[in-house]
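Q: Quick one, fold the following:
(chains A and B)
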Amino acid sequence: MKPILQIRGVERRFAGAGGGTLALQATDLAVAENDFVTILGPSGCGKSTLLRIVAGLDQPTAGQVLLDGQRIDGPGADRGMVFQSYTLFPWLNVLDNVCFGLRERGLPRTQQLEIAHGFIAKVGLAGFESHYPKQLSGGMQQRTAIARALANGPRMLLMDEPFGALDHQTRELMQELLLGIWEAERKTVLFVTHDIDEAVFMASRVVVMSARPGRIKLDRAVELPHPRHYSVKTTPAFTSLKAELTECVRAEVRAAQGLKD
Amino acid sequence: MLMKPLTPVSPGARVVLGVAFFVVFVAVWSAATFTGYVSATFLADPWTMLKSGWMLLTEMGFAEDIGMTVWRVVGGFVIAAAIALPLGVAMGAYKPIEAFFEPFVSFARYLPASAFIPLLILWAGIGEAQKLAVIFIGSFFQLVLMIAVTVGNTRRDLVEAAYTLGAGDRSLVWRVMIPGAAPEIAETLRMVLGWAWTYVIVAELIGASSGIGHMITDSQALLATDQIIFGIIVIGVIGLLSDLLFKAANRRLFPWAQLGR
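A: Sure thing, here's the model as predicted:
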């Protein structure tokens, strides 16, 4: 299957004393249609940097990213993104937040509302359309952010540790919600996380990055069947994959923390 | 019990304490003046002040003077705001524009508006234009700078979210930067309007034929301290009223922003 996203030799060096910091070594990654790729790695390994480069919010110092064969040189509606911080527009209610991209495209209001209501229902926030972000919990805000990104019909969904700021239980519910939406919509997703459980549970493919300077260390397909119930987290197949990844990631986390093996 | 740090006080107690201050103030004032401790030439007693205030309003058309002063402040301020808003937003959004204007505006901010009065009388005579110009000079540079800073402090994560939703640069300014900065800009306007009151009296002290400042100058010639004090209190009350109204309006316009209570 022809990949829709091709990352070729993307390297990111940050300017500074002594040649600067190499955050990301020349990296290659191909993402196929409907893949759910999770990028796993310790803090500072460059996974967020890589995602931001794909989003067009950062420029690589070498290499290029191709989406459907076209070179990416800036952010756009074709790569929707959900951030770790709550980026809902505080002056807009849930409905208007979700409609933001649609309004930008110039769709008539009735059409905007139809699409928005659909996605608001999908994330389980029907009835909260008139609420303002400050009236919502963290989980609800992220659900709105997901609805907002999906409503805009992006080619790919990029997610930068979107559940990182949430408590453990909420995080698990959000994982199930997102997985459910993906199973129905079959979007192509690139998801950055440092949580191994999360990475395995949601992914069709897990990519592990090394400590800085980051490079891809492991690229493993996840063969668990869909739909995935949360109870899959305790099955042997899940556990053995988790064990393998834990070993792989642990070495990198230790290296990132400066602990010698 | 009452004086534990940061322990809140009941709203009733608040009101009582606030009123108590004024009661004590008037009591001390009365004691000083009625006993003759302070000569009547220096300071009129409260009762005489109220009587002459009444006379000013009913017999000497003081209400018209008040109207003139208010119109000058509001007029000068509105003109300043009308120019400062677009310029401030442009400076906040576009760094080259900021680089061009900021050095001069920062410097001009420290020029005292009152010092311009002789110059303005020379250039614009002693009519309304001169008075409005004083208010304008006193308000404009502060407004531009503060608005530019507010707009420049737009949350970067909101900017990135907007870009990934397909917003173009123009949309970014109109749909993200301006709405986001609006509550703080409104508070800036309220604050600078408060300062504007202090310039108008100075402008009216010289070469005015109407207005509260003019009344004060006249009263000075007659050593009518009662009228002067009444005039000053009137200015204070109007300033306070306009501030409270503005604050209430801001809170109604921007329910989503936690404007300082």
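Q: how about the residues of the stretch 101-250 of chain B near chain A?
A: Counting by C-beta under 8 Å from any C-beta of the partner chain, the positions of the stretch 101-250 of chain B adjacent to chain A are B:157-158, B:160-168, B:171, B:175-176, B:179-180, B:182. For the C-beta atoms, the positions are set from N, CA and C on the backbone; glycine is no exception.
Q: Tell me who's in contact with the residue of the stretch 101-250 of chain B with the smallest separation from chain A.
A: Closest approach between the stretch 101-250 of chain B and chain A, counting by C-beta to the nearest C-beta: residue B:166, at 2.9 Å. Residue B:166 sits next to A:76-77, A:101, A:104-105, A:152 when contact means C-beta atoms under 8 Å, 6 or more residues apart in numbering or on different chains.
Q: Between those residues, identify the one with the most neighbours.
A: Ranked by neighbour count (other C-beta atoms under 10 Å in any protein chain shown), the contacts of residue B:166 have residue A:101 at the top, with 27 neighbours.
Q: Output the contacts of residue B:166 as TSV; include the columns pLDDT and distance to chain B.
A: Below are the contacts of residue B:166 laid out as TSV (pLDDT from 0 to 100; distance: C-beta to the nearest C-beta, whole Å):
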residue	pLDDT	distance to chain B
A:76	95	6
A:77	95	3
A:101	96	4
A:104	95	5
A:105	94	6
A:152	95	6
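Q: if we can go back for a sec, where helices are concerned, which of the residues of the stretch 101-250 of chain B next to chain A count?
A: Counting by DSSP state H, the part of these found in helices is B:157-158, B:160-164, B:171, B:179-180, B:182.
Q: Can I get the longest helix anywhere in chain A as PDB, trimmed to CA atoms?
A: Scanning chain A for the helix with the most residues, using DSSP H, yields helix A:236-256. What follows is helix A:236-256, C-alpha atoms only, in PDB (Å, rounded to 0.1, in the frame of the first residue of the first chain):
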ATOM      1  CA  PRO A 236      -1.100 -12.500  27.100                       C
ATOM      2  CA  ALA A 237      -0.600 -11.100  23.600                       C
ATOM      3  CA  PHE A 238      -0.800  -7.500  24.900                       C
ATOM      4  CA  THR A 239       1.400  -8.300  27.900                       C
ATOM      5  CA  SER A 240       4.200  -9.900  25.900                       C
ATOM      6  CA  LEU A 241       4.300  -7.000  23.400                       C
ATOM      7  CA  LYS A 242       4.200  -4.600  26.300                       C
ATOM      8  CA  ALA A 243       7.200  -6.400  27.900                       C
ATOM      9  CA  GLU A 244       9.200  -6.200  24.700                       C
ATOM     10  CA  LEU A 245       8.500  -2.500  24.400                       C
ATOM     11  CA  THR A 246       9.200  -1.900  28.000                       C
ATOM     12  CA  GLU A 247      12.700  -3.300  27.700                       C
ATOM     13  CA  CYS A 248      13.300  -1.300  24.500                       C
ATOM     14  CA  VAL A 249      12.100   2.000  26.000                       C
ATOM     15  CA  ARG A 250      13.600   1.500  29.400                       C
ATOM     16  CA  ALA A 251      17.200   1.500  28.100                       C
ATOM     17  CA  GLU A 252      16.400   4.800  26.300                       C
ATOM     18  CA  VAL A 253      14.800   6.300  29.400                       C
ATOM     19  CA  ARG A 254      17.800   5.400  31.500                       C
ATOM     20  CA  ALA A 255      20.100   6.900  28.800                       C
ATOM     21  CA  ALA A 256      18.000  10.100  28.700                       C
END
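Q: The stretch 1-150 of chain A: strands as residue ranges?
A: Here the stretch 1-150 of chain A has its strands, by DSSP state E, counting those that start in this stretch, at A:3-14, A:21-32, A:36-40, A:62-67, A:70-71, A:79-82.
Q: For chain B, find the nearest of those.
A: Among the strands of the stretch 1-150 of chain A, strand A:79-82 sits nearest to chain B (C-beta to the nearest C-beta), with 4.1 Å.
Q: in terms of contact count, name the helices or strands touching that closest one.
A: helix A:47-55, helix A:138-151, strand A:156-160, helix B:156-164 (3 or more C-beta pairs under 8 Å, 6 or more residues apart in numbering or on different chains; DSSP states H and E).
Q: burial count for residue B:239?
A: Applying other C-beta under 10 Å, I find that residue B:239 has 17 neighbouring residues.
Q: let me redo that: residue B:55
A: So residue B:55, with other C-beta under 10 Å, has 14 neighbours.
Q: again with residue B:233
A: For residue B:233, using other C-beta under 10 Å, the count is 13.
Q: Assign it to helix, strand or coil.
A: Per DSSP: H, G, I helix; E, B strand; the rest coil, the local secondary structure of residue B:233 is helix.
Q: contacting residues for residue 105?
A: In the absence of a named chain, chain A is used. A:77, A:152, B:166.
Q: that's the wrong chain, I wanted chain B
A: Counting by C-beta under 8 Å, 6+ apart, residue B:105 has contacts B:141, B:144-145.
Q: Tell me which of the residues you listed fall in helices.
A: Those of these lying in helices (DSSP H): B:141, B:144-145.
Q: can you map out the helices along the stretch 101-250 of chain B?
A: Ranges of helices in the stretch 101-250 of chain B, per DSSP state H, counting those that start in this stretch, are B:117-124, B:128-152, B:156-164, B:169-171, B:178-205, B:212-221, B:225-253.
Q: what's the spacing between residue B:124 and residue B:131?
A: 9 Å (C-beta to C-beta, to the nearest Å).
Q: if we can go back for a sec, quick one: buried ones out of the residues of the stretch 101-250 of chain B next to chain A?
A: B:158, B:160-167, B:171, B:175-176, B:179-180, B:182 (16 or more other C-beta atoms under 10 Å in any protein chain shown).
Q: Ramachandran angles for the residue lying closest to residue A:163 once chain neighbours are set aside?
A: Sequence neighbours aside, residue A:171 is the residue nearest to residue A:163 in space, at 4.3 Å (criterion: C-beta to C-beta, 6 or more residues apart in numbering or on different chains). When read as degrees, to the nearest 10, the backbone of residue A:171 gives phi -60, psi -40.
Q: Spell out which helix or strand contains residue B:258, please.
A: Under the criterion DSSP states H and E, no helix or strand holds residue B:258.
Q: Output the lowest mean pLDDT helix or strand found in chain B.
A: Least confident helix or strand of chain B, by mean pLDDT, DSSP states H and E, is helix B:212-221 with a mean of 85.
Q: Please list the residues of chain A that sit near chain B.
A: A:55-57, A:74-77, A:79-81, A:83, A:85, A:87, A:89-92, A:100-101, A:104-105, A:132-134, A:145, A:148-149, A:152, A:158.
Q: again, only this time at 7 Å
A: A:55, A:57, A:75-77, A:79-81, A:83, A:85, A:87, A:89-91, A:100-101, A:104-105, A:132, A:134, A:152 (C-beta under 7 Å from any C-beta of the partner chain).
Q: Give me the nearest residue to residue A:208, chain neighbours excluded.
A: residue A:218 (4.0 Å).
Q: Between strand A:3-14 and the host helix or strand of that neighbour, find me the angle.
A: Per DSSP H and E: residue A:218 is located in strand A:216-221. Taking axes from the mean of the first three to the mean of the last three C-alpha atoms, to 10 degrees, one finds strand A:216-221 and strand A:3-14 inclined to each other by 160 degrees.
Q: Counting neighbours, what do you get for residue 214?
A: I went with chain A, as the question did not name one. When neighbours are counted by other C-beta under 10 Å, residue A:214 comes out with 27.
Q: right idea, wrong chain: chain B
A: Neighbour number of residue B:214 under other C-beta under 10 Å is 20.
Q: Quick check: it touching residue B:206?
A: No - assessed by C-beta atoms under 7 Å, residue B:214 is found out of contact with residue B:206, at 9.5 Å.
Q: Tell me what the residue nearest the centre of chain A is bridged to.
A: Geometric centre of chain A, nearest residue: residue A:159, 2.1 Å, by C-alpha atoms, centre = their mean. For residue A:159, the beta-bridge partners under DSSP bridges are residue A:82, residue A:191.
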